[in-house]
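Undergrad: 3D, please:
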Amino acid sequence: MSGPLVLVTRPAAQCAALAARLAAAGYTPRPFAPLELVPDPVALARLPAQLADADWLIPVSPGAVDILFSIPQLALPATLRLACVGRGSAARLAEFSGWPVLHPAAGSDSEALLALPELQALDGARVLIVRGDSGRALMADTLAERGAEVTFAALYRRVPVDPGWAVLAAEQTVAALVVTASEIATALFASAPPARRDWLARQRFVALHPRVGECLYALGAEQVTVAARADDAALVEALDRV
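TA: Numbering: from 1, shown residues only. Below you'll find the model as predicted:
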């Protein structure tokens, strides 16, 4: 007998680890991603030169880390320092690079990373932020105010796709939808056919961060549980409380 159905809205390439953890906890995960991450070949080709000119490398998401290390034979300069916002991204970056990664022990957002002592005095430090074609300005603006020279590597675009509405029966019982980013929440509600919008709003959601929860409520969601931390284990723990 299969476990409760959980729709995982992360892009497909970042879905596997969370899906495995959900299955191990007794759930039936199903990919239901409204966005696809499409690498930008021009930005990828430019990246080695940007890395050679950087003191700090800060990928802002697991997707940014995955696409960063999809580059064949990517070499990181020996003097480069690494930082990430969340535990999940930091773990992936450490796994790929084999290097220590600065990340907040408490908190899971840009504000928590920016509070660390290593990022307070950055006069002249060259910081390369790896992200998609859009994102919050807080990280770059704050680092620049502290004296850093900030550049971006926009390695991918977020492209809306149909998450699979046609194969999700209207009468099917869904235990919850797991949503890990505000952009995903927005794309999910935008993707819903008119006949399914009320259904979607009534579903239970598990959000990775309070900001994602606020976005879901603003879009019309009625029931949102926020994970205690920004990692896959915390998402499963939050799901157990739903």
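Undergrad: now stretch 35-51: mean pLDDT?
TA: Per-residue pLDDT values across stretch 35-51 average out to 94.
Undergrad: Run through who's touching that stretch.
TA: 11-14, 57, 63, 67-68, 70-71, 74-77, 80, 128, 132-133, 151, 153-161, 183-184, 187 (C-beta atoms under 8 Å, 6 or more residues apart in numbering). For glycine as for every other residue, the C-beta is placed from the backbone atoms N, C-alpha and C.
Undergrad: Please point out which parts of it sit buried.
TA: 35, 37, 40, 43, 44, 47, 50, 51 (16 or more other C-beta atoms under 10 Å).
Undergrad: Now for the spatially most central residue of the chain: which residues touch it?
TA: Most central in the chain under C-alpha atoms, centre = their mean is residue 61, positioned 4.3 Å from the mean C-alpha point. Contact analysis of residue 61 by C-beta under 8 Å, 6+ apart lists 85, 86, 89, 131, 132, 181.
Undergrad: Pick out the most distant pair among these.
TA: 86 and 132 (15.5 Å; C-beta to C-beta).
Undergrad: Tell me which of those two has more neighbours.
TA: Comparing residue 86 with residue 132 by neighbour count (other C-beta atoms under 10 Å), the higher total belongs to residue 86, at 25 against 20.
Undergrad: Any chance of the backbone angles for that one?
TA: Backbone torsions for residue 86, taken as degrees, to the nearest 10, come to phi -100, psi 160.
Undergrad: looking at it, it is touching residue 103, isn't it?
TA: Yes - the pair formed by residue 86 and residue 103 meets the contact definition of C-beta atoms under 8 Å, at 7.0 Å.
Undergrad: so where is the chain shaky, pLDDT-wise?
TA: The chain contains residues with pLDDT under 70 at 1, 170-171.
Undergrad: biggest strand in it by residues?
TA: Criterion DSSP state E: the longest strand present in the chain is strand 149-160.
Undergrad: Could I get the CA-only coordinates of that strand as PDB?
TA: Presented in PDB, the C-alpha positions along strand 149-160 are these (Å, rounded to 0.1, in the frame of the first residue of the first chain):
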ATOM      1  CA  GLU A 149      33.000  44.500  -5.400                       C
ATOM      2  CA  VAL A 150      30.000  42.400  -6.400                       C
ATOM      3  CA  THR A 151      29.400  40.700  -9.700                       C
ATOM      4  CA  PHE A 152      26.800  38.200 -10.800                       C
ATOM      5  CA  ALA A 153      26.900  34.900 -12.800                       C
ATOM      6  CA  ALA A 154      23.400  34.400 -14.000                       C
ATOM      7  CA  LEU A 155      23.800  30.800 -15.000                       C
ATOM      8  CA  TYR A 156      20.200  29.800 -15.700                       C
ATOM      9  CA  ARG A 157      16.700  31.000 -16.500                       C
ATOM     10  CA  ARG A 158      13.600  29.900 -14.800                       C
ATOM     11  CA  VAL A 159      11.100  28.800 -17.500                       C
ATOM     12  CA  PRO A 160       7.400  28.100 -16.700                       C
END
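Undergrad: Each with direction, which strands does whichever helix or strand comes after that strand pair with?
TA: The first helix or strand that comes after strand 149-160 along the chain, using DSSP states H and E, is strand 176-179. Sheet partners assigned to strand 176-179 using DSSP bridges are listed as strand 5-8 (parallel), strand 204-207 (parallel).
Undergrad: what's residue 29 sitting at in phi/psi?
TA: According to degrees, to the nearest 10, residue 29 has phi -80, psi 140.
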